[in-house]
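Peer 1: pasting a predicted model and its sequence here:
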Amino acid sequence: MLRNLKSLFIIEDKSPSPKADTGADKTEEPQTSTPASSTGFRGAVKTSGNGVVDDKFLEVLFAALDAKNKEGFDYMEFKEFLRSLANVPMDDNTRYQSAFATAKTMGATRENILSSAQEYIAILAEEQTKFQQALAGQKEKNLTAKHDEIKQVEQSIREKEEEIEKLKSEIEGHRDQITQLEGEINEASLRLGETADNFDATYQALLGQIQEDVNNIETHL
């Protein structure tokens with residue numbers, strides 16, 4: 001169901017991708033995932049910060065929603081009815097009323113659709129908490145530990161500066177080590193910041209979709 005679930009929220013770009021250069025004299029580079037464009041989302045997209053909607057985070061969030069999708073008719077099935085009317089020229093009120101009329105034939109109620117939408121919002125919130133916990137662990141591993149290592153090296157420098165002239169070369173080596181560690185911290189901090197921004201953009205985009213539908217349901221139904 002995961003691909004169908006994704007299609008409810010994202011309009012996939014079906015334009016052909018450019019052909020890759022297969023010249024034998026060029027070195028192959030590792031394949032990297034390209035972040036999904038925010039314009040691929042159906043309806044309004046609300047994001048915060050400088051992050052972009054990222055494919056790998058979308059897969060994680062969609063998988064979490066898919067795993068908790070209950071049997072029977074709920075918000076996701078109502079979303080499918082809305083998607084089927086996406087290209088029909090009608091205003092939001094007519095589109096939501098039309099989708100709800102079909103939904104009622106499946107035993108759906110306004111309360112059931114709204115309550116299940118809130119459950120999916122809660123699932124997204126759980127995933128956000130998991131991500132934040134994992135990010136905190138990565139910061140501890142990549143930043144705090146390196147800061148502690150710098151402190152140890154600086155202590156070693158202070159001790160060696162008290163030694164005679166022959167230890168100067170060793171002191172310079174430690175200074176080079178500090179420079180390298182500081183560079184690693186800066187690089188790690190930038191990567192983690194970008195990762196956090198991308199997750200937040202992805203989370204906010206999905207959350208905004210569901211909240212917009214909730215607002216429209218409450219307004220039009």
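Peer 2: Nice, I can see it.

Peer 1: what's the spacing between the nearest residue to residue 157 once chain neighbours are set aside and residue 180?
Peer 2: In this structure, residue 157 finds its nearest non-sequential neighbour in residue 174, 5.1 Å apart by CB to CB, 6 or more residues apart in numbering. To be clear about C-beta, it is placed using only N, CA and C from the backbone, and glycine gets the same treatment. Distance of residue 174 to residue 180, computed by CB to CB, to the nearest Å: 10 Å.

Peer 1: does the residue nearest to residue 157 touch residue 153 like I think?
Peer 2: Yes. Using CB atoms under 8 Å, residue 174 is in contact with residue 153, at 5.3 Å.

Peer 1: tell me which helix or strand the residue nearest to residue 157 sits in.
Peer 2: If you go by DSSP states H and E, residue 174 is part of helix 168-220.

Peer 1: which one of residue 174 and residue 180 is surrounded by more residues?
Peer 2: residue 174 (16 against 10; other CB atoms under 10 Å).

Peer 1: how about that one, what does it touch?
Peer 2: If a contact means CB atoms under 8 Å, 6 or more residues apart in numbering, then residue 174 has 153, 156, 157, 160 as its contacts.

Peer 1: tell me the mean pLDDT over the helix holding residue 174?
Peer 2: Averaging pLDDT along helix 168-220 yields 90.

Peer 1: after the helix or strand hosting residue 125, next one along is what?
Peer 2: If you go by DSSP H and E, residue 125 is part of helix 110-139. Using DSSP H and E, the helix or strand that directly follows helix 110-139 along the chain is helix 145-160.

Peer 1: lovely, talk soon.
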